[in-house]
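> Sequence first, predicted coordinates after that:
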Amino acid sequence: MQYKIDDIIKGKVTGIESYGVFVRIDEEYIGLIHISEITEGYVTNINNYVELDENIFVRILDVDTDNKHMKLSIKNINYKENGKTQKIEESVRGFLPLQQNLSRWTEEKLKKTEE
């Protein structure tokens, strides 16, 4: 199979180390999810994110076709369910309520602190 950067594919967790997660992609390829590619935040324990022998979705960051290795990521994808990008949906009104009320809320709070 031809793998490309940014493809989202399924693999099986075959090893968990303090620096990352090893994932078997197929009979030929194995990949590593470096600890920095697990989440945007600080990772205290990789075992909080994946389990040994678990099937997960991963995003391909780099493919070494000669050695059959991949650099992988689970950052910002739904790696447990379907691999689709997780996106925060902004409400229809967005920041409009904040814009409309911030001055009034500030004045009300200042009056309360003066009392």
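Thanks, I have the structure now.

> element containing the residue nearest the centre of the chain?
For the chain, the residue sitting closest to the mean C-alpha position, by C-alpha atoms, centre = their mean, is Lys75 at 2.1 Å. Under the criterion DSSP states H and E, no helix or strand holds Lys75.

> which residues sit in contact with it?
Counting by C-beta atoms under 8 Å, 6 or more residues apart in numbering, Lys75 makes contact with 37-40, 59. Bear in mind the C-beta positions are built from the backbone N, C-alpha and C, glycine included.

> Kindly report the same for Val21.
13, 15, 32-33, 38, 46, 49-50.

> Next, the spatially closest residue to it that is not a sequence neighbour: secondary structure please.
The shortest distance from Val21 to any non-neighbouring residue, by C-beta to C-beta, 6 or more residues apart in numbering, is to Ile33 (4.3 Å). Using DSSP: H, G, I helix; E, B strand; the rest coil, the secondary structure recorded for Ile33 is strand.

> can you check Asn101 too?
Secondary structure of Asn101, per three-state DSSP, is helix.

> ok, which stretches of this protein are helices?
For the chain, the helices defined by DSSP state H occupy 96-114.

> quick one: low-confidence parts of it?
The chain contains residues with pLDDT under 70 at 82-95, 115.

> switch the cut-off to 90
Low-confidence segments of the chain (pLDDT under 90): 1-2, 40-42, 76-115.

> from what I can see Ser73 touches Asp62, true?
No - in this structure, Ser73 is not within contact of Asp62 by C-beta atoms under 8 Å, at 9.9 Å.

> higher neighbour count, the two?
With neighbours defined as other C-beta atoms under 10 Å, Ser73 and Asp62 compare such that Ser73 has more, 21 against 11.

> The residue lying closest to the more buried one once chain neighbours are set aside and Val21: what is the separation?
Nearest non-adjacent residue to Ser73, counting by C-beta to C-beta, 6+ apart: Glu37, 3.8 Å away. With distances taken as C-beta to C-beta, to the nearest Å, Glu37 is found 9 Å from Val21.
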